[in-house]
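*Asks:* Okay, structure incoming, though there's no sequence with it:
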Ligand code: HEM
């Protein structure tokens, strides 16, 4: 099995990448009403959870992870599934968390590979967790194969079975891609699509919970664009400050600070550095977000930096951000993440006012992704706050009149 994310660059990988993107876009394109429906359903469930817990401060981590992860899970292996009661989903969440904890603890073997002979458990544990994750995705593929109907493709897993039939059973189309390569794409998507988007949303809520004045401006923007009606993807272009806030969060707290290890496919020279063929190369995305030649006061959270004088997004500055990587290995799921972040954000802040209760700590934890430390928020129902204010204002008026 050769995964997409860690596979070597060659003709087989190019075909794998094409199949993966085509299948993902086939089931999750922004033009598909089902994608918007799934995201909205999960965004509403999360907002509902927030509103049910206005009486006491809480840590939103668990619920955000469940809701955001569920979107990718449904697109990949079960539209309209009630994920919170789905054994496969809960198992996957448990295993992803295990991997997150293992990676978060740091593994000295990554930098001193010979240590695997001294502390073998550090290597075997990693392989064990990977195998557990593989068992989960194999079970999903098996279930899909048993119920596969070529005329009714349900989700990404079905799309991969279809692609396997097309490419692996047709010698003119096959370029050494195997069934297990194609099926492993499901693991790529589930592995890369959960933690990244949910950690980004956690960061956004942390920043907006702390910077109340920015949250209020975003709510003004929401009120003026949609008022109390439901948000839709058609509104996306009307939100500038909100988009700027997402971009600024991705800049200041990049959830993928260091890229996936890749290797040079031939000898090359980069800025006078000679790099031999086969050298492992990692992109320091975090470093690019702190370059003071590009970003004024890079340590300060300032969404307005992404807006030009007319209030539009400054696209040349946006292009400096490498949140989703660059070039051939750029993230194929970026469009899903963008839709998710937009719809979740508008939904939550349209209805909730959120205050950070715990101390503001913007130093994250390095694990599978760079995620915020646990924090506590208090949620207020916005329309209740507004109506209480209006009632209070009028009762004061009557008191003054009397
Ligand atoms: C905010 C959310 C996300 C962020 C910040 C993010 C970021 C990234 C980055 C930086 C890379 C390139 C890493 C490298 O090669 O060095 C990448 C690769 C990848 N991402 Fe994402 N991603 C996100 C969401 C998603 C989603 C939702 C999916 C799928 C459903 C996904 C699937 C993948 C896959 C399969 C790769 C490997 C691509 C390849 O090597 O060709 N990602 N992502």
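*Replies:* Now that the structure is in, tell me what you want to look at. Values in this document were obtained by computation on a predicted structure and should not be read as measured data.

*Asks:* Quick check: chain neighbours aside, which residue is closest to residue 200?
*Replies:* Excluding the flanking residues, the one nearest residue 200 by Cβ to Cβ, 6 or more residues apart in numbering is residue 255, at 5.3 Å. C-betas here are computed from N, CA, C, even on glycine.

*Asks:* isn't there a helix covering residue 43?
*Replies:* Yes. Judged by DSSP: H, G, I helix; E, B strand; the rest coil, residue 43 forms part of a helix.

*Asks:* ok now do the closest residue to it other than its chain neighbours, which residues does it touch?
*Replies:* Closest residue to residue 43 apart from its sequence neighbours, by Cβ to Cβ, 6+ apart: residue 347 at 4.0 Å. Residues near residue 347 by Cβ atoms under 8 Å, 6 or more residues apart in numbering: 40, 43, 44, 46, 47, 231.

*Asks:* Residue 279 contacts residue 263, correct?
*Replies:* Yes. Residue 279 lies in contact with residue 263 (Cβ atoms under 8 Å); the separation is 6.4 Å.

*Asks:* before we move on, back to that, roughly how far does the residue nearest to residue 43 sit from the ligand?
*Replies:* 17 Å (Cβ to the nearest ligand atom, to the nearest Å).

*Asks:* repeat for residue 311
*Replies:* From residue 311 to the ligand the distance is 25 Å (Cβ to the nearest ligand atom).

*Asks:* OK, contacts around that residue?
*Replies:* Taking Cβ under 8 Å, 6+ apart as the test, what residue 311 contacts is residue 240.

*Asks:* Kindly list the main-chain dihedrals of it?
*Replies:* Backbone torsions for residue 311, taken as degrees, to the nearest 10, come to phi 90, psi 10.

*Asks:* picking up where we left off before, which two in the contacts of residue 347 are spaced the farthest apart?
*Replies:* Pairwise distances across the contacts of residue 347 (Cβ to Cβ) peak at 13.6 Å, for the pair 46 and 231.

*Asks:* now check stretch 287-298, is it near the ligand?
*Replies:* No. Using Cβ under 6 Å from any ligand atom, stretch 287-298 stays clear of the ligand, with a minimum separation of 11.1 Å.

*Asks:* any idea how far that stretch is from the chain center?
*Replies:* Computed by Cα atoms, centre = their mean, to the nearest Å, the separation of stretch 287-298 from the middle of its chain amounts to 23 Å.

*Asks:* what's the answer for stretch 296-307, then?
*Replies:* In this view, stretch 296-307 has its centroid 22 Å away from the chain centroid, taken as Cα atoms, centre = their mean.

*Asks:* For this protein, what lies in contact range of the ligand?
*Replies:* Taking Cβ under 6 Å from any ligand atom as the contact definition, the chain meets the ligand at 4-5, 17, 72, 188-189, 192-193, 196-197, 200, 255-256, 259-260, 283, 323-325, 329, 331-333, 336-337.

*Asks:* so what's the backbone phi/psi at the residue in the stretch 301-402 of the chain that the ligand sits nearest to?
*Replies:* At 2.2 Å from the ligand, residue 333 is the closest residue in the stretch 301-402 of the chain, using Cβ to the nearest ligand atom. When read as degrees, to the nearest 10, the backbone of residue 333 gives phi -100, psi 10.

*Asks:* cool, residue 92 as well?
*Replies:* phi -60, psi -40.

*Asks:* Quick check: the gap between it and residue 138.
*Replies:* Per Cβ to Cβ, to the nearest Å, residue 92 is found 12 Å from residue 138.

*Asks:* Many thanks, have a good one.
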